[in-house]
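Asks: dropping the sequence and predicted coords here.
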Amino acid sequence: MDKDLLLPLLGGFLAATFLAAMSSWLAWRRADPTTRTLIRRIGALSFASKLRLARAMATDGRVPFAMRVLPLAMGAYLALPFDIVPDFVPVLGQLDDVLLLAGALGLLLRFTPRPVIEEHVAALEARA
């Protein structure tokens with residue numbers, strides 16, 4: 001790769017990452033308390049329970065089709081050996097994964113009926 005092209009590409013990526021992080025932060029600040037509580041409840045689940053939640057959401061007919069496919073697409077993206085930014089790049093390699101997951105979670109919370117999510121989370125919490 002041409003060295004003259006590398007610096008502008010890196011600068012553009014850093015700017016895009018900063019904007020994505022700021023928009024995630026602003027979305028968190030604007031979220032209502034019930035949404036924040038739900039996010040915390042999901043975050044407190046074990047890894048296995050989060051996988052069960054993704055499977056339950058993917059198979060629930062009350063969830064819009066695009067939102068049923070999203071957890072599967074995110075899992076596939078994280079499992080693939082290549083990323084938007086390679087994981088061997090310090091910090092930035094993992095940051096793109098985190099930002100994509102945050103965006104996917106935001107989409108799920110926005111477009112999936114809240115009672116459906118709460119029902120699945122409550123069932124997993126009772127199971128633990």
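Replies: Right, received. Where do you want to start? Residues are numbered from 1 along each chain as shown.

Asks: for the chain, give me the ranges with low pLDDT.
Replies: Within the chain, the stretches with pLDDT under 70 are 1-3, 87, 89-90.

Asks: what about the helices in it?
Replies: Ranges of helices in the chain, per DSSP state H, are 3-30, 33-44, 47-59, 65-79, 92-111, 114-127.

Asks: output those as TSV; include the columns mean neighbour count.
Replies: Backbone N, C-alpha and C define where each C-beta goes, glycine included. Shown next, in TSV, are the helices of the chain (neighbours: other CB atoms under 10 Å):
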stretch	mean neighbour count
helix 3-30	11
helix 33-44	13
helix 47-59	15
helix 65-79	14
helix 92-111	16
helix 114-127	14
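
Asks: so which of those helices gets nearest residue 85?
Replies: Among the helices of the chain, helix 92-111 comes nearest to residue 85, with 4.6 Å by CB to CB.

Asks: residues in contact with that closest one: which ones?
Replies: Under the criterion CB atoms under 8 Å, 6 or more residues apart in numbering, residues 13-14, 17, 20-21, 24, 27, 35, 38-39, 42, 57, 64, 66-67, 70-71, 74, 77-78, 83-87, 117 lie in contact with helix 92-111.

Asks: can you give me the distance of the residue nearest the centre of the chain to residue 28?
Replies: In the chain, the centroid-proximal residue (CA atoms, centre = their mean) is residue 101; its distance is 1.9 Å. Here residue 101 is placed at a distance of 14 Å from residue 28 (CB to CB, to the nearest Å).

Asks: same check on residue 109?
Replies: 11 Å.

Asks: one more: residue 4?
Replies: 38 Å.
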